[in-house]
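Visitor: no sequence on hand, only this structure:
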C-alpha cells in the first residue's frame with residue numbers, strides 16, 4: 001500500500017468489549033497513532049492491513065487495520081449538543097420545506113430567534129436549508145417536527161456510515 005496515502009482514518013479503534021469506542025464520529029485513528037498505541041501495549045491488534053508495513057532503520061511494523069483497547073473504558077451514552085448531532089436528529093431534512101440536503105446546504109436555525117429570546121439548545125434549534133433560513137429571518141415559524149433532545153439510539157439510527165468508505169472490509173463485522 002502506498003505510504004503517501006491521504007486517508008487519516010486508517011485504523012478502527014474498538015473498546016475492550018469489541019465494539020467501536022464511538023459511532024459518530026466513528027472511532028478511527030491514523031496509522032501513526034495506531035502504531036504508537038501498539039508500542040505502549042495498551043491495545044491488541046485484531047487485524048493488520050494487507051501488504052502495508054512501515055520501516056525504520058532497525059525494524060519493520062505491519063500497519064494495524066483494527067485494534068482493541070486492552071481494558072474496557074466506560075463512556076457516557078449522553079448525546080452532546082452539536083451541529084452534526086442536530087443534523088443527525090433531523091436526518092439532514094430541512095424542518096421547514098421537508099427536503100433532504102447535503103451537509104454544505106444546511107444551516108442551524110433558532111425556532112425562536114435569538115433576538116426574541118430564543119436559546120441555543122435541543123428544544124429551539126432545527127435543521128434548515130439556507131433558502132428557508134433566509135426566508136424565515138427573525139420570524140417565529142413552527143417547524144414540521146417539534147425539536148427535542150434525541151436519545152443515543154435515535155442518533156445512531158440516523159447516522160450514515162458508508163461501507164464503501166472503509167479502508168478494510170473487515171470493519172463491517174465490528175460496526176454493523
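Guide: That came in fine, so what should we check first? Keep in mind it's a predicted model, so treat the numbers as computed, not measured.

Visitor: need the pLDDT of the residue nearest to residue 72 when sequence neighbours are not counted.
Guide: Distances taken as CB to CB, 6 or more residues apart in numbering place residue 16 nearest to residue 72, at 3.3 Å, with adjacent residues excluded. Yep, even glycine has a C-beta here, placed from its N, CA and C like the rest. Note for residue 16: predicted pLDDT of 91.

Visitor: residue 73 is in contact with residue 16, correct?
Guide: Yes: the criterion here is CB atoms under 8 Å, and residue 16 meets it with residue 73 at 6.8 Å.

Visitor: same drill for these two, tell me which one is more crowded.
Guide: residue 16 (15 against 9; other CB atoms under 10 Å).

Visitor: next helix or strand past the worst-scoring helix or strand of the chain on mean pLDDT?
Guide: When each helix and strand of the chain is scored by mean pLDDT, DSSP states H and E, helix 152-158 comes last, with a mean of 70. Moving toward the C-terminus from helix 152-158, the next helix or strand (DSSP states H and E) is helix 172-175.

Visitor: what about that next one, distance to the chain center?
Guide: 15 Å (CA atoms, centre = their mean, to the nearest Å).

Visitor: contacts for it?
Guide: Here helix 172-175 makes contact (CB atoms under 8 Å, 6 or more residues apart in numbering) with 12, 14, 18, 19, 20, 23, 26, 66, 161, 163, 166.

Visitor: return the set of buried residues in that helix.
Guide: Going by neighbour count (16 or more other CB atoms under 10 Å), nothing in helix 172-175 comes out as buried.

Visitor: re earlier: just flag the most distant two among the contacts of helix 172-175.
Guide: 18 and 163 (18.7 Å; CB to CB).

Visitor: between the two, which one's more packed in?
Guide: Remark: of residue 18 and residue 163, residue 18 carries more neighbours, 13 against 10, as counted by other CB under 10 Å.

Visitor: could you check how far the more buried one is from residue 30?
Guide: 22 Å (CB to CB, to the nearest Å).

Visitor: now swap in residue 114 and tell me
Guide: From residue 114 to residue 30 the distance is 38 Å (CB to CB).

Visitor: those two: who's more crowded?
Guide: Taking other CB under 10 Å, residue 114 and residue 30 do not tie; residue 30 has more neighbours (14 against 11).

Visitor: how close does that one sit to residue 13?
Guide: In terms of CB to CB, residue 30 sits 11 Å off from residue 13.
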